[in-house]
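Q: here are the coordinates; sequence isn't available:
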């Protein structure tokens with residue numbers, strides 16, 4: 001417990017359960033003052049907690065997959081021009097690969113970008129490592145794919161600006177990946193299927 005809260009709380013307890021002479025000698029004023037100090041300390045403690053929570057960022061796991069993504073984001077990416085619609089996303093197909101990092105180019109500046117992630121196994125976990133600030137979604141039927149973890153900073157290199165999101169893919173198949181218009185560029189992407 002924070003000392004700012006504990007000391008006024010102890011003072012309040014002493015004033016409530018202290019010796020009777022003190023209670024008879026007008027200690028009601030002291031008790032009211034202590035209560036006010038207690039309330040102020042509680043308000044300060046709440047403010048401190050809220051400030052700390054606001055600055056904390058979610059960080060993903062520091063594992064081999066996160067480490068691989070950190071390394072790949074330092075290499076020259078494979079350029080890939082995305083499709084302009086979900087209907088055309090099947091023309092641009094990638095598979096999860098722990099050795100490939102893509103630079104996804106939008107079909108037009110600031111436009112929506114689409115591609116297809118082809119998962120050839122079922123009941124696998126797939127990690128998406130994407131440049132920070134890029135807004136995207138994997139389009140799927142809820143029965144086929146389950147979101148395991150929202151986007152978090154890459155746990156191996158949290159200051160590198162790499163997001164890490166994880167899905168459980170229950171059925172093999174093709175899944176459209178949509179990069180929203182107006183989100184950050186460039187789009188760097190690595191998709192890794194866990195063993």
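A: Thanks, I have it. This is a predicted model, so every value here is computed, not measured.
Q: who touches the residue nearest in space to the middle of the chain in this structure?
A: For the chain, residue 152 is the residue whose C-alpha lies nearest the centre (Cα atoms, centre = their mean; 3.0 Å). Going by Cβ atoms under 8 Å, 6 or more residues apart in numbering, residue 152 touches 57, 58, 59, 60, 163, 164, 165. Placement of C-beta: from N, CA and C, glycine included.
Q: now for the fourth one, how many residues are close by?
A: Using other Cβ atoms under 10 Å as the criterion, residue 60 is surrounded by 24 other residues.
Q: and it, how far from residue 103?
A: 22 Å (Cβ to Cβ, to the nearest Å).
Q: same check on the fifth one?
A: When distance is defined by Cβ to Cβ, residue 163 is 16 Å away from residue 103.
Q: who's more crowded, those two?
A: residue 163 (21 against 16).
Q: in which helix or strand does the more buried one reside?
A: For residue 163, the host element (DSSP states H and E) is strand 162-169.
Q: let me see the domain layout of the protein.
A: 3-55, 64-193 (automatic domain parsing).
Q: comparing those, which comes out most buried?
A: domain 64-193 (a mean of 17; mean count of other Cβ atoms under 10 Å).
Q: how far off centre is that one?
A: 15 Å (Cα atoms, centre = their mean, to the nearest Å).
Q: start to end distance for it?
A: Domain 64-193 has an end-to-end distance of 12 Å (criterion: Cα to Cα, to the nearest Å).
Q: ok, now stretch 66-77?
A: End to end - Cα to Cα - stretch 66-77 spans 17 Å.
Q: how about residue 175, what does it touch?
A: Contacts of residue 175 (Cβ under 8 Å, 6+ apart): 116, 117, 118, 119, 138, 139, 140, 144, 145, 169.
Q: adding distance to residue 78, write those out as a markdown table.
A: Output for the contacts of residue 175, formatted as a markdown table (distance: Cβ to Cβ, whole Å):
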| residue | distance to residue 78 |
| --- | --- |
| 116 | 16 |
| 117 | 15 |
| 118 | 16 |
| 119 | 19 |
| 138 | 20 |
| 139 | 23 |
| 140 | 24 |
| 144 | 27 |
| 145 | 25 |
| 169 | 22 |
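Q: restricted to strands, list these.
A: Members of the contacts of residue 175 lying in strands (criterion: DSSP state E): 116, 117, 118, 119, 138, 145, 169.
Q: wait, a helix at residue 67?
A: Yes - under DSSP: H, G, I helix; E, B strand; the rest coil, residue 67 falls within a helix.
Q: from what I can see it touches residue 156, true?
A: Yes - Residue 67 is in contact with residue 156 according to Cβ atoms under 8 Å; the separation is 4.5 Å.
Q: how close does residue 59 get to residue 137?
A: To residue 137, residue 59 is 22 Å away according to Cβ to Cβ.
Q: equivalent analysis for residue 62, please.
A: For residue 62, the distance to residue 137 - Cβ to Cβ - is 25 Å.
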